[in-house]
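Asker: model the structure of this input:
(one chain, ligands or ions: 1)
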Amino acid sequence: MSKLRPIFVLPELKENQEWACEHGCTVHRTRLHRHVYSQQWDKQGNLVKELAETYYTCQRGHLLAVWDEKECDLIELDEKYYTDPNQQPTNFIDGFIASGGFDRVMGCKNGE
Ligand SMILES: [Zn+2]
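Answerer: Numbering: from 1, shown residues only. Just a heads-up that it's a prediction; the model follows:
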């Protein structure tokens, strides 16, 4: 089996298709899973920034794939289903620059 990718947009399954879990769970219902991959706290310990993505999993949080009975195999979905609609790369870059990302990367010390 090729490596599964997170499904961000839920496709409409056809009659001959059903959900398959990467770990073999029986999937009756999909679950929206929130995966936090970056957090930033201020000096007081308050969470000031959190980057997360939400994608669909089985009820136990495993990645999903679509099994097609006609193909007798897992099928690759259209690219749009693997794209997070809330996390466009340009927004991420803008946020990175706004938070002084490049200054930190380049080691600038403004006014110090
Ligand atoms: Zn599972």
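Asker: pLDDT below threshold where in the chain?
Answerer: Low-confidence regions of the chain, defined here as pLDDT under 70, cover residues 1-2, 87-112.
Asker: close to the ion: what parts of it are there?
Answerer: By the rule CB under 5 Å from the ion, the part of the chain lying against the ion is 21, 23, 25, 58, 60, 62. Backbone N, C-alpha and C define where each C-beta goes, glycine included.
Asker: run the last query once more with 8 Å
Answerer: For the chain, the contact set with the ion under CB under 8 Å from the ion comprises 21-25, 27, 57-62.
Asker: OK, contacts around the nearest residue to residue 80 once chain neighbours are set aside?
Answerer: If the residues on either side of it in the chain are set aside, residue 80 comes closest to residue 9, at 6.2 Å by CB to CB, 6 or more residues apart in numbering. With contacts taken as CB atoms under 8 Å, 6 or more residues apart in numbering, residue 9 has the following neighbours: 80-81, 83, 85.
Asker: could you rerun that using 10 Å?
Answerer: Contact criterion CB atoms under 10 Å, 6 or more residues apart in numbering gives 55-56, 77-78, 80-85 as the residues in contact with residue 9.
Asker: which parts of the chain are helices?
Answerer: 89-98, 101-106 (DSSP state H).
Asker: most centrally placed residue in this protein?
Answerer: To find the centre residue of the chain, average its C-alpha atoms and take the closest one (CA atoms, centre = their mean): that gives residue 53, at 4.4 Å.
Asker: residue 27 contacts residue 17, correct?
Answerer: No - here residue 27 lies out of contact with residue 17, judged by CB atoms under 10 Å, at a distance of 11.7 Å.
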